[in-house]
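*Asks:* Here is a sequence with its predicted model. Questions after.
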Amino acid sequence: KSMNKQLPLNQILYGSPGTGKTYNTINKALEIIFEKDLGEDYFKLSSEEKEEKLIFEAKNIYESNKTKISLKKEDNDRELLKQVFEYYKEQGQIEFVTFHQSYGYEEFVEGIKAETKNEKISYELKPGIFKKLCDEAQKKSDIIVTISDVNSELSKENFKELYNAYVLTLPDYSEQESSKILKTISGSEFYLFKNSTPSIVVRAKNGTQPMSVAHVKLERVLFNAEKPTYSSYEPIILNDIIKTESKINEIDNFNKNYILIIDEINRGNISKIFGELITLIEESKRLGKDEQIEITLPYSGEKFGVPSNLYIIGTMNTADRSIAPIDTALRRRFVFEEMAPNPSTLTEIKVQVSKEDTTDTGIKLNELLEAINTRIEYLYDRDHTIGHAYLIDVKDLADLRFAFKNKIIPLLAEYFYEDWKNIDLVLNKNGFIKIKEDNNKYLAVVNKKISGKVIYEVSNKKEDWEIANFKEIYNDNIDLTKKIKDDITDDVNSNEQP
């Protein structure tokens, strides 16, 4: 039975940094791939049961494709899911892209790209990652082209080389007869020339109107079974370029699910990237639906629609203040699922003293993270909490110090715009943040105008980064509300000083 109602075609995983958004795209993608095997009761299961079900299906795939899937650790379930995910990427069912400010329609859908070869610049129309995946998702046949003389398979890259070499043998276009003459199936002769692009130009022997036959068009006729624009000429030209044999394998990719994963989807200019396709990704506008829509692409002039077996998974960092709020048109076409910090994933982690000394420090990472995030929500908002991924790899005290000094505290400094008083509150005034002693040697004149200014710094003293300091973060013996009021009073008193 289908789980389509439980598997939205367009979904965005959103949350603060380190909550496992990109990590969870692996599970989400495999849920879509294994849709028919998981069953309709899958979404009634707990998170742990879902993981077990995915692992079971992944093991079946691995057993059937051991020559194509390599595992570094046979008994590591996460490694299994990652490698099966990579297997489907190699099979072309999953594509991954990251949006950024300079990413555009030309990379995503289609565009004209400049290429330099033999010190010559040529311009070609190339499909983007989204169009290529849409085409693959609705492919009905797989065409294998071989060169008869050597019985070797012909690729699109090889065909381009053959086309370019063939064009160079043709005379420049003129209104006179050509030295290159071919015949249609009915026996009518036509001339071949080359233009300045260079590409093939066709003119009937008794005609006056030239017709351009580009490499891209012949490629689609040959490999994608596209209908020729000039049916009397293009098949004949193809056979003359290469003596070919085509074997057509009937397939139906519509029975498989395809996934496009867009990391950092809110960092891109959605209008610039999707263009007119923003309407086509709606479920009701997909190909095969009652309200299906096809558009004409601006560069190629092809008819284009989005198949209903193509799923889009986006990830969104809610704490990224360098970007505008997510595009409204995108928001109403996607289902949003929050990826919140999950302290429980840290419960079983024992922080030892050092790599050599395996004594348990007793630091509870789950409580530590929960305490920090509770204060951040109180002082700022829930979009700027700290994800569990920042602490998931901590093994000893050195790892924990590194995570705070080089990751967590710099992130807090960005969140609070260098407001170290609030950062100190988030850490429960545990000693990591210290009031910096003034260097009065250089402040004599300044202090006449400004007095009572407090400057903070991150402590570099080892005694401020001991086990007790970390425990103090969640061992909240001080009333946070009272602490805030006291600090406000201190600020008022300092401002009243002459």
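*Replies:* Ah, there it is.
*Asks:* Every contact and neighbour count from this point should use C-alpha atoms.
*Replies:* OK.
*Asks:* and Ile32, what is it in contact with?
*Replies:* By CA atoms under 8 Å, 6 or more residues apart in numbering, the contact list for Ile32 reads 7, 257, 259.
*Asks:* repeat for Asp360
*Replies:* By CA under 8 Å, 6+ apart, the contact list for Asp360 reads 350-353.
*Asks:* What ranges does the stretch 1-150 of the chain have for its strands?
*Replies:* Along the stretch 1-150 of the chain, the stretches classed as strands by DSSP state E, counting those that start in this stretch are 10-15, 94-98, 110-117, 120-127, 141-147.
*Asks:* who does the second one pair up with?
*Replies:* So that's strand 94-98. Strand pairing for strand 94-98, determined by DSSP bridges: strand 258-263 (parallel).
*Asks:* distance between the partner strand and the chain's centre?
*Replies:* 6 Å (CA atoms, centre = their mean, to the nearest Å).
*Asks:* Okay, buried residues for the very next helix or strand once past it please.
*Replies:* Downstream of strand 258-263, the next assigned helix or strand under DSSP states H and E is helix 270-274. Using 16 or more other CA atoms under 10 Å as the burial criterion, the residues of helix 270-274 that qualify are 270, 273-274.
*Asks:* do the same with stretch 257-271
*Replies:* Within stretch 257-271, the residues that count as buried by 16+ other CA under 10 Å are 257-270.
*Asks:* Tell me how far the spatially closest residue to Thr359 that is not a sequence neighbour lies from Glu367.
*Replies:* Closest residue to Thr359 apart from its sequence neighbours, by CA to CA, 6 or more residues apart in numbering: Gln352 at 5.2 Å. The gap separating Gln352 from Glu367 is 17 Å, by CA to CA, to the nearest Å.
*Asks:* Run through who's touching stretch 167-187.
*Replies:* The contact list for stretch 167-187 (CA under 8 Å, 6+ apart) reads 189-195, 198-201, 205, 208, 232-233, 236-237.
*Asks:* From those, which land in strands?
*Replies:* Here DSSP state E is the test, and these give 189-194, 200-201 as lying in strands.
*Asks:* which stretches of the stretch 301-450 of the chain form strands?
*Replies:* Using DSSP E, counting those that start in this stretch, the strands of the stretch 301-450 of the chain run over 303-304, 310-317, 335-338, 433-435.
*Asks:* elements contacting the longest one?
*Replies:* Taking 3 or more CA pairs under 8 Å, 6 or more residues apart in numbering; DSSP states H and E as contact, the helices and strands that strand 310-317 lies on are strand 10-15, helix 21-33, helix 129-137, strand 258-263.
*Asks:* Output the below-cut-off pLDDT ranges for the protein.
*Replies:* Scanning the chain for pLDDT under 70 picks out 1-5, 117-118, 141-153, 243-250, 321-327, 448, 476-498.
*Asks:* go again using 50 as the cut-off
*Replies:* 1-2, 478-485, 487-498 (pLDDT under 50).
*Asks:* So Tyr390 sits against Asn406, correct?
*Replies:* No: counting by CA atoms under 8 Å, Tyr390 stays clear of Asn406, with 10.5 Å between them.
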